[in-house]
Structure formats: C-alpha cells, structure tokens
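A.B. asks: Please find the sequence and the predicted model below.
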Protein chains: 2
Amino acid sequence: MSRPKTGRSVKYEGRFLRMVDVDSWEFVERSNCDGAVVIISLTNEGNVLLIEQFRPPVGKNIIEFPAGLVGDSGSKEEFEVAALRELEEETGYTADKVTYLTIGPTAPGLSTELIAFVRAEGLTKISAGGGVESESIVIHEVPLAEVDKWLKQKQDAGIMVDLKVYAGLYYLNK
Amino acid sequence: MSRPKTGRSVKYEGRFLRMVDVDSWEFVERSNCDGAVVIISLTNEGNVLLIEQFRPPVGKNIIEFPAGLVGDSGSKEEFEVAALRELEEETGYTADKVTYLTIGPTAPGLSTELIAFVRAEGLTKISAGGGVESESIVIHEVPLAEVDKWLKQKQDAGIMVDLKVYAGLYYLNK
C-alpha cells in the first residue's frame, strides 16, 4: 500500500527546531546549524575524556563525549575545526591531531540529525573547560579499563549514558 | 541532580511527535509510544544480524540493528517481549533468550527518546521477515570479523550507518 505523495511541508517553525512532514512521515530538523561533531579521545594518561551535563529534554544529567554543533559547510575540515573549538570549550584540552572517523544519523526515524565522530590525539590541558556561559559541564577522566564499571555506577546513581558513548568506546577499542 | 520541569508548553501537537518547550529549551517527544528497543544479536553462524531500510527524515537507506517502538509500560520485561516481536517481524528470527543490556538517550539535546538495548541469543529462523506491510526491510547477516569493512563498503555506496550500530558492536565485542 503506497501512501499519498503529499511532499514536504513545515508543520511548525520553532526557534531552534522545525517539525516537517514528508509524505506523511513526521520528523524534526535543526534550523540553526548543519550538524554536530562528537570528539572521542584518550588523555595522555590513557583516560577516556567524558563530560556530564543536564539535558532538559530528558530531565537528567547525561554522560556524553564532548560534542558541539557545527555551523557552516559541514565539510570534514569544518568538523575538525569545530571539534577543536568544542573540545577546548568543554574540557579545556586542545589536541595535536584530529582524525575524522565516521558520520551517521542518531535517530533516523524522527530527526534529520547527522553526527560526525572524530578522534582527537595528543591532548594538552590549556584552560579550565566547563563550557560557555550558558553551559555547566563537568569533566570526567576515566581509565579505559574501568569505564564499563564507572558507567554502570553512574547509571545506578540515576545518571544516564548517551548511547553514542558506547559507539565512541567501540572506536577507542579498535 | 534532576531539576524540576517547570515552564513546560506544547508548541505543536503532530500525529506522532509533539514539539515541547521547557524553560526555553525546544525538543520533541513521541506521542504514540513510550520508548524503543534495539536488538543486538549474532546468528548461530556468528553473523551480525543487521537490517537496511529507507528512512524518510534522512532520505537514505540506513543500516541499523533490528528495532521497534515499545507501547506500554516501558518495563524491562516489556522491552524483552517487544524485542522478540520486532526481531521476528523484521528478520524472521526468534530467540531462545533475550537479555537486557542498557537504556539511554539517542539525542538528549533534541528529543526525549530513550532506547533500550537487548541481546538476543539462540536464534532460529521461523519466517521470512522484512517487516509489516508498511515496511520494506532488507536483512543482512555479516560475519563479525568483517563487519567494519562491510559497513565501510555500504557507506562508500551512499548508504548511511546508524550510530547505534557501533554501540551495538561494542556490546558484541565485550
């Protein structure tokens, strides 16, 4: 059974998101940027560099890899520049080298969001981190061998783990 | 840790999604279900069981683990029942055993979506799979040792890989 071809229509235009319908499939897209980048890294001590912040949609503190929105062309090079900016803003670290890993959707049934993963290597702490003014980010540095146990302890304490963390750990363990 | 959800307003009520604003943070939530479950499994031949389907929000075919929405209580048991139903609908396999792995957000900056991961073991093919009437799902069985190369080939052919695939592979490699 084929659904009627109604084409694309914007159902609601918000400040940051818009709701769209294409051929009777509803989804959201960001109206203020082209994508996002997640930064996977180990410190020189072999610790996984993670952050924790409150996320209003789920109403909880979430463990994530450092990440940020990307504003312009969405090219691989632009993802790498955005990655360095976000890594420093959120964690206070800069990196000698940023390598593009992959790009993919996070929730392709409900949004257009595509996120690139990059690997940052050669980390040096140059500032305090913690995010820009509107953010309140806690930095965690967790030994790779202990990260499973540590994530479980966080979950037991009512903190959630973004599923992209496990995807990033897959890359760190390759 | 969790702050109260004050100042919540529904900005747009769609058929399947609604757009919500809480304290000036816009996000979407599904209005027709409580969550979703992703089924991570190897066949008895050691192949990773993946699916491919067209996803209108991103306008491309996407490689994913079998998955489906969960309707009722959102309890661990309910996730396991939904997992068996979706596994058979999409792939034609049933499983002897379903084990709950974790639950987490997919995109906690823009949606409330929480997805549970379960591991299915002891697989038996009992029907053709391919999804319900409105779905058109291709089943892929890929040797675990070759899955990285296979995913890269799919991406080179213009097909995207849901980032949750890498999260599932992390669990399969544990």
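C.D. replies: Ah, there it is.
A.B. asks: Low-confidence stretches in chain A?
C.D. replies: A:1-6, A:72-77 (pLDDT under 70).
A.B. asks: Domain map for it?
C.D. replies: A:1-32, A:33-172 (automatic domain parsing).
A.B. asks: Just the buried positions in the longest helix belonging to chain A, please.
C.D. replies: For chain A, the helix reaching the highest residue count under DSSP state H is reported as helix A:76-91. Of the residues in helix A:76-91, A:78-80, A:82-84, A:86-91 count as buried by neighbour count, 16 or more other Cβ atoms under 10 Å in any protein chain shown. (C-beta placed from N, C-alpha, C; glycine too.)
A.B. asks: Can you add distance to residue B:57 and give the domains of chain A back as CSV?
C.D. replies: Shown next, in CSV, are the domains of chain A (distance: least, Cβ to Cβ, whole Å):
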stretch, distance to residue B:57
domain A:1-32, 4
domain A:33-172, 5
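A.B. asks: Could you single out the most deeply buried of those?
C.D. replies: Among these, the stretch with the highest mean neighbour count (mean count of other Cβ atoms under 10 Å in any protein chain shown) is domain A:33-172, at a mean of 18.
A.B. asks: Between the two ends of that domain, how far is it?
C.D. replies: Chord length of domain A:33-172, first to last residue, is 28 Å (Cα to Cα, to the nearest Å).
A.B. asks: ok, is stretch A:48-67 in contact with chain B or not?
C.D. replies: Yes - counting by Cβ under 8 Å from any Cβ of the partner chain, chain B is contacted by stretch A:48-67 at A:54-62, A:64.
A.B. asks: In JSON lines, list those along with secondary structure.
C.D. replies: Formatted as JSON lines, the residues of stretch A:48-67 next to chain B follow (DSSP: H, G, I helix; E, B strand; the rest coil):
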{"residue": "A:54", "secondary structure": "strand"}
{"residue": "A:55", "secondary structure": "strand"}
{"residue": "A:56", "secondary structure": "coil"}
{"residue": "A:57", "secondary structure": "coil"}
{"residue": "A:58", "secondary structure": "coil"}
{"residue": "A:59", "secondary structure": "coil"}
{"residue": "A:60", "secondary structure": "strand"}
{"residue": "A:61", "secondary structure": "strand"}
{"residue": "A:62", "secondary structure": "strand"}
{"residue": "A:64", "secondary structure": "strand"}
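A.B. asks: Let me see the contact set for the residue nearest to residue A:52 when sequence neighbours are not counted.
C.D. replies: Computed as Cβ to Cβ, 6 or more residues apart in numbering or on different chains, the closest residue to residue A:52 that is not its neighbour in sequence is residue A:138, at 4.3 Å. Contacts for residue A:138 (Cβ atoms under 8 Å, 6 or more residues apart in numbering or on different chains) come out as A:51-53, A:130.
A.B. asks: From chain B, how far off is residue A:138?
C.D. replies: According to Cβ to the nearest Cβ, to the nearest Å, residue A:138 stands 11 Å off from chain B.
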